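Novice: Here is my input; please provide its structure:
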Amino acid sequence: LAHRPYHLVIFGASGFTGQFVVEEVARTVSEGPKGNLKWAVAGRSKQKLEKVLEQAAGALSKPELRTEVDIIVADVEEPDSLAAMCKQAVIVLNCVGPYRFYGEPVVKACVENGAHHIDICGEPQFLEGMQFNYSSQAADKGVYIIGSCGFDSIPADMGVLYTRDQFKGTLTALESFLTVSSGPEGGCIHDGTWQSAIYGFADSHKLQSLRRKFNHKPLPTVGSKLKRRGTLFYSNEIQQYTVPFMGSDPSVVKRTQRFLAEEYQETPVQYGAYAGIGGIGSIIKLMFAGMMFWFLVKFSFGRNLLIKHPEFFSFGLFSKAGPTRKQMEASSFQFAFYGEGYAEGEDPSQGKPSSKIRTLVQGPECGYVATPIAMVQAALTILNESTALPKKGGVYTPGAAFAKTTLIDRLNKHGIQFSVI
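Specialist: Below you'll find the model as predicted:
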């Protein structure tokens, strides 16, 4: 791979998230191999990509971005253009979602042309489908396909590993509580994520049948069985009303724990994910929005309505314009992890776990600040620490791929912070 012209190619650079990934890559060029990072942007429209570089040049006061970054025209609908792009890259950073519609051709082109692939997908059906379809091919080619390297699901997946590594003994169970705060300007999430959620819920039965195909044996439970909490409860941990977290984190963490148990005989950690929603007012809004969503998402006319009017149906949480830079600067997230396990010297097969641990993962705005940081640091970890990755190529979760690397230290230096309380 040493002779390829680019370390990184950002595919879908002109999308809403792609813009911010471009800026993050431009900020971190000195962290590439030997202090240098060769990169290019790719997408369907040369004009749009020029505009992205123009905007990045302005935002970062780096006028050289206008002229020094190469542009590759590539389109998901044209396999030859994807192949040509993948041949030039050590790693493709794929920002083109919803991945259920546009993801697979890019993964296929990467595997066939020997480029590693990183995405920021939060759709379990796509992530697990790629594992099912491409794992052995990727292994044969020595290619790493690493999914969910954004806010979904690096903070949760690496947070579980961090907590396990900091725990003195055998960690057996862990719950995370996510809280997101925004400044006086408020905040929102771009429409692309809303669409991924709509199609994900509409297709949930397909995910069940895909999971049956893997034919996994259940993971052994060590310590007390982690109880599932209700659909809505008051959490003493974060002092607010809380619901199960609807994202991909539980699916990703489970796949990581399975890999580490099978590959390195490590004790799997049971995991439950929850998100704080605030007070009574938020509950009423959420119940209302939730009921409308569940009703409409089952019918194609309902899905069309949801897709046309994200602001209305999500009470302003999602918008076609996405958040402003000012909103982003004032937003942040925090995962509080509460774990239990057996202290050093205790026998995990005897009695209940009595030892506890609390950790935090905190960082900037989730979607467009933390996500690009996580994605770019994942890529830099592959470039700089290839010997610490799993022995063979394949389709991996972030935790499976990066368990033996310094990714957590890299994230700490970039504002996604891991700490023990």
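
Novice: hey, let's count contacts and neighbours off CA atoms from now on
Specialist: Will do.

Novice: which residues in the stretch 101-250 of the chain form helices?
Specialist: For the stretch 101-250 of the chain, the helices defined by DSSP state H, counting those that start in this stretch cover 104-113, 124-141, 154-166, 191-202, 204-214, 249-264.

Novice: Could you work out which of those helices reaches nearest to Ala379?
Specialist: When the helices of the stretch 101-250 of the chain are compared by C-alpha to C-alpha, helix 154-166 sits nearest Ala379, at 12.6 Å.

Novice: Hey, what's the angle from the closest one to helix 249-264? Just curious.
Specialist: 40 degrees (axes from the mean of the first three to the mean of the last three C-alpha atoms, to 10 degrees).

Novice: on that earlier part again, okay if I get the helices of the stretch 101-250 of the chain as a markdown table plus mean neighbour count, mean pLDDT and distance to Thr359?
Specialist: Converted to a markdown table, the helices of the stretch 101-250 of the chain look like this (neighbours: other C-alpha atoms under 10 Å; pLDDT from 0 to 100; distance: least, C-alpha to C-alpha, whole Å):
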| stretch | mean neighbour count | mean pLDDT | distance to Thr359 |
| --- | --- | --- | --- |
| helix 104-113 | 22 | 98 | 34 |
| helix 124-141 | 19 | 98 | 26 |
| helix 154-166 | 23 | 98 | 6 |
| helix 191-202 | 19 | 88 | 28 |
| helix 204-214 | 12 | 92 | 31 |
| helix 249-264 | 20 | 97 | 16 |
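
Novice: okay, the ones you listed in JSON lines with distance to Phe418 next?
Specialist: Output for the helices of the stretch 101-250 of the chain, formatted as JSON lines (distance: least, C-alpha to C-alpha, whole Å):
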{"stretch": "helix 104-113", "distance to Phe418": "31"}
{"stretch": "helix 124-141", "distance to Phe418": "25"}
{"stretch": "helix 154-166", "distance to Phe418": "7"}
{"stretch": "helix 191-202", "distance to Phe418": "26"}
{"stretch": "helix 204-214", "distance to Phe418": "32"}
{"stretch": "helix 249-264", "distance to Phe418": "17"}
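
Novice: Give me the contact list for stretch 118-129.
Specialist: The contact list for stretch 118-129 (C-alpha atoms under 8 Å, 6 or more residues apart in numbering) reads 91-95, 97-100, 103, 145-153, 196-197, 200, 206-207, 210-211, 247-248, 251-252, 371, 375, 379.

Novice: That one: end-to-end distance?
Specialist: 15 Å (C-alpha to C-alpha, to the nearest Å).

Novice: Stretch 304-321 too?
Specialist: End-to-end distance (C-alpha to C-alpha), stretch 304-321: 18 Å.

Novice: Check the gap between Thr371 and Ile154 for me.
Specialist: 9 Å.

Novice: for the stretch 301-421 of the chain, which spans come out with low pLDDT?
Specialist: Across the stretch 301-421 of the chain, nothing is flagged by pLDDT under 70.

Novice: which residues of it fall in helices?
Specialist: Along the stretch 301-421 of the chain, counting by DSSP H, counting those that start in this stretch, helices occupy 310-313, 325-329, 371-384, 398-402, 407-413.

Novice: What pLDDT is listed against the spatially most central residue of the chain?
Specialist: Nearest to the geometric centre of the chain sits Asp152, at 2.7 Å (C-alpha atoms, centre = their mean). pLDDT, Asp152: 95.

Novice: Against Glu128, how distant is the nearest residue to it once chain neighbours are set aside?
Specialist: Distance criterion C-alpha to C-alpha, 6 or more residues apart in numbering; nearest residue to Asp152, sequence neighbours excluded, is Gly122 at 5.4 Å. Between Gly122 and Glu128 the computed distance is 11 Å (C-alpha to C-alpha).

Novice: The residue lying closest to Gln137 once chain neighbours are set aside: what's it in contact with?
Specialist: Excluding the flanking residues, the one nearest Gln137 by C-alpha to C-alpha, 6+ apart is Val111, at 7.0 Å. By C-alpha under 8 Å, 6+ apart, the contact set of Val111 is 134, 137-138, 141, 143.

Novice: from the chain's centre, how far out does the helix or strand encompassing Val52 sit?
Specialist: Secondary structure assignment for Val52, by DSSP states H and E: helix 46-60. How far helix 46-60 lies from its chain's middle: 25 Å, per C-alpha atoms, centre = their mean, to the nearest Å.

Novice: Mind checking what helix or strand follows it in sequence?
Specialist: helix 65-68.

Novice: Give me the domain ranges for the protein.
Specialist: Here the domain parsing of the chain from automatic domain parsing is 6-151+368-420, 154-366.

Novice: and the end-to-end length of the first one?
Specialist: According to C-alpha to C-alpha, domain 6-151+368-420 extends 38 Å from its N-terminal end residue to its C-terminal end residue.

Novice: before we move on, what about the longest one?
Specialist: Using C-alpha to C-alpha, the gap from the first to the last residue of domain 154-366 comes to 11 Å.

Novice: Over to stretch 27-41?
Specialist: 15 Å.

Novice: With stretch 11-19 instead?
Specialist: Span of stretch 11-19 from end to end, C-alpha to C-alpha: 11 Å.

Novice: ok now that stretch, how far from the chain's centre?
Specialist: 16 Å.

Novice: quick one on the thing from earlier: and the helices of the stretch 301-421 of the chain: which comes nearest Glu54?
Specialist: The nearest among these, by C-alpha to C-alpha, is helix 325-329 at 16.4 Å.

Novice: Pull the closest one out as PDB, backbone CA atoms only.
Specialist: Extracted in PDB, the C-alpha atoms of helix 325-329 (Å, rounded to 0.1, in the frame of the first residue of the first chain):
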ATOM      1  CA  ARG A 325     -21.400  26.300  13.600                       C
ATOM      2  CA  LYS A 326     -22.400  28.400  16.500                       C
ATOM      3  CA  GLN A 327     -24.900  25.800  17.700                       C
ATOM      4  CA  MET A 328     -22.200  23.100  17.400                       C
ATOM      5  CA  GLU A 329     -19.600  25.100  19.400                       C
END
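
Novice: Show me what it is in contact with.
Specialist: Contact with helix 325-329 is made by 182-183, 185-187, 364-365, 368-369, as judged by C-alpha under 8 Å, 6+ apart.
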